[in-house]
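> Take a look and give me a structure for this.
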Amino acid sequence: MNKRKESIAGLLFASPWLFGISAFLFYPLLMSLYLSFCDYSVLRPAVWIGTDNYRELFHDEVFWITVKNTLLYAVVSLPMSMILGIGLAMLLNSKVKGLTVYRTIFFIPSLVPVVSLAMLWLWLLNGEHGIINLGLGKIGINGPNWLSNPAWSKPALILMSLWGVGNAMLIYLASLQDVPVSLLEASELDGASSWQKTRNVTLPMISPVIQFNMVMGIIGSLQVFTEAFVMFPGGVPARSTYFYSMYLYDNAFNYSRMGYASAMGWILFIVIMILTGIALKLSNRHVHYGGV
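Numbers count the residues shown, from 1 in each chain. Predicted coordinates for the structure are as follows:
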């Protein structure tokens, strides 16, 4: 009887959370799944159309353009941001005078709101008066028109994404400080070079954090939206920066095709789950947990 009362009391204490997660997570999730099989424009009742939305997606030319743009962005930006983040963390983990100042400088950009950051980069990447092209001109390089050239628009966004690598850098830095000094000293006594220590000691010891940042990077890069939406409205030039999330947004709120957008959302969810599962499966054998 006492256990039953304790269970009831526990459920009562947890009821606000249970109500919140049901109302704001489970219910919208289930409704979006249902609406993905409907013709729904928000202003009219949903009409069941079966798998028509999914079939139309696979014959939608713009859909495949956004898939291609998103995958290209993710394939390039994710490895670059991980390598840069680990590299900066290793540099900042060394004993250098004024290290706290350097850490702050590299971390602060990740705190800037994304919209403000996009507006700043619109100025930096301006083809005629931007600081980046002015700097390139000083060394004899004629900078491209980043914002209106389809060949340079995605590299511009990738360059911008590296600006906010400070958040991941801080996580890498925290894990580097937990690497046992005794292991590094033992490898030095065995005659290991700096690269051998990094490859055989440091990276294996921080591998769980690398795996975590890789998974978070996959999720984030496949949902890229705000930067491109502010800097390249409509995916201009020539839809080179028209990403999956932007097309989903347009279908939901500009074209009033909420059912079609829900189908896109579920496809994105499934793709992220599959890629995350593959990444975890392939990286598990390389992840080292302490003494394991």
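
> Ramachandran angles for Val47?
With angles defined as degrees, to the nearest 10, Val47 sits at phi -120, psi 120.

> distance of the nearest residue to it once chain neighbours are set aside from Phe63?
With sequence-adjacent residues excluded and distances taken as Cβ to Cβ, 6 or more residues apart in numbering, Val47 is closest to Asp39, at 4.6 Å. To be clear about C-beta, it is placed using only N, CA and C from the backbone, and glycine gets the same treatment. To Phe63, Asp39 is 17 Å away according to Cβ to Cβ, to the nearest Å.

> pLDDT score assigned to Leu147?
Listed pLDDT for Leu147 reads 89.

> thinking again about what came up before, neighbours of the residue nearest to Val47, how many?
Using other Cβ atoms under 10 Å, Asp39 has 17 neighbouring residues.

> Report pLDDT for it.
95.

> does Ala252 really touch Met258, like I thought?
Yes. The criterion here is Cβ atoms under 8 Å, and Ala252 meets it with Met258 at 5.4 Å.

> Please say which of those two ends up with more neighbours.
More crowded of Ala252 and Met258, by other Cβ under 10 Å: Met258, with 21 against 18.

> Next up, the contacts around that one.
By Cβ atoms under 8 Å, 6 or more residues apart in numbering, the residues touching Met258 are Leu35, Tyr40, Ser41, Val42, Asn251, Ala252.

> Out of those residues, flag the one nearest to Tyr102.
Ala252 (42.9 Å; Cβ to Cβ).

> Number of residues surrounding the closest residue in space to that closest one that isn't next to it in sequence?
Nearest residue to Ala252 in three dimensions, chain neighbours excluded: Ala261, at 3.6 Å (Cβ to Cβ, 6+ apart). Ala261 has 23 neighbours, counted by other Cβ under 10 Å.

> same thing with the one 10 residues further on?
Val271: 16 surrounding residues under other Cβ under 10 Å.

> which residues touch the closest residue in space to it that isn't next to it in sequence?
Leaving aside its chain neighbours, Val271 sits nearest to Leu222 (7.0 Å; criterion: Cβ to Cβ, 6+ apart). By Cβ under 8 Å, 6+ apart, Leu222 lies in contact with Thr70, Ala74, Tyr244, Leu268, Val271, Ile272, Leu275.

> Neighbour-wise, which one of the residues you listed leads?
Going by other Cβ under 10 Å, Tyr244 tops these with 26 neighbours.

> Thr104 versus that one, what's the distance?
35 Å.

> report the longest helix in the protein, please.
For the chain, the longest helix by residue count, based on DSSP state H, is helix 61-92.

> Packing partners of that helix?
Secondary-structure packing of helix 61-92 (3 or more Cβ pairs under 8 Å, 6 or more residues apart in numbering; DSSP states H and E): helix 99-107, helix 150-163, helix 166-176, helix 207-222, helix 244-249.

> got the angle between that helix and helix 150-163?
Taking axes from the mean of the first three to the mean of the last three Cα atoms, to 10 degrees, helix 61-92 and helix 150-163 form an angle of 40 degrees between their directions.

> For helix 61-92, which residues meet the burial criterion?
Neighbour-count burial for helix 61-92, with 16 or more other Cβ atoms under 10 Å as criterion, is recorded at 63, 65-67, 69-71, 73-74, 76-78, 81-82, 85-86, 88-90, 92.

> Can I have the buried ones of the contacts of Met258 as a PyMOL selection?
Selection of the buried residues among the contacts of Met258 in PyMOL, burial being defined by 16+ other Cβ under 10 Å:
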select buried, resi 35+40+251+252
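
> What distance do you get for Ala9 to Met90?
As judged by Cβ to Cβ, Ala9 and Met90 stand 50 Å apart.

> Then Ser245?
33 Å.

> Could you do Ile132 as well?
Per Cβ to Cβ, Ile132 is found 26 Å from Met90.

> Tell me where the stretch 151-292 of the chain is predicted with low confidence.
By pLDDT under 70, the low-scoring segments of the stretch 151-292 of the chain are 290-292.

> Touching stretch 131-138 from outside, list them.
Residues outside stretch 131-138 that contact it (Cβ under 8 Å, 6+ apart): Trp123, Leu124, Leu125, Asn126, Gly127, Asn142, Gly143, Pro144, Trp146.
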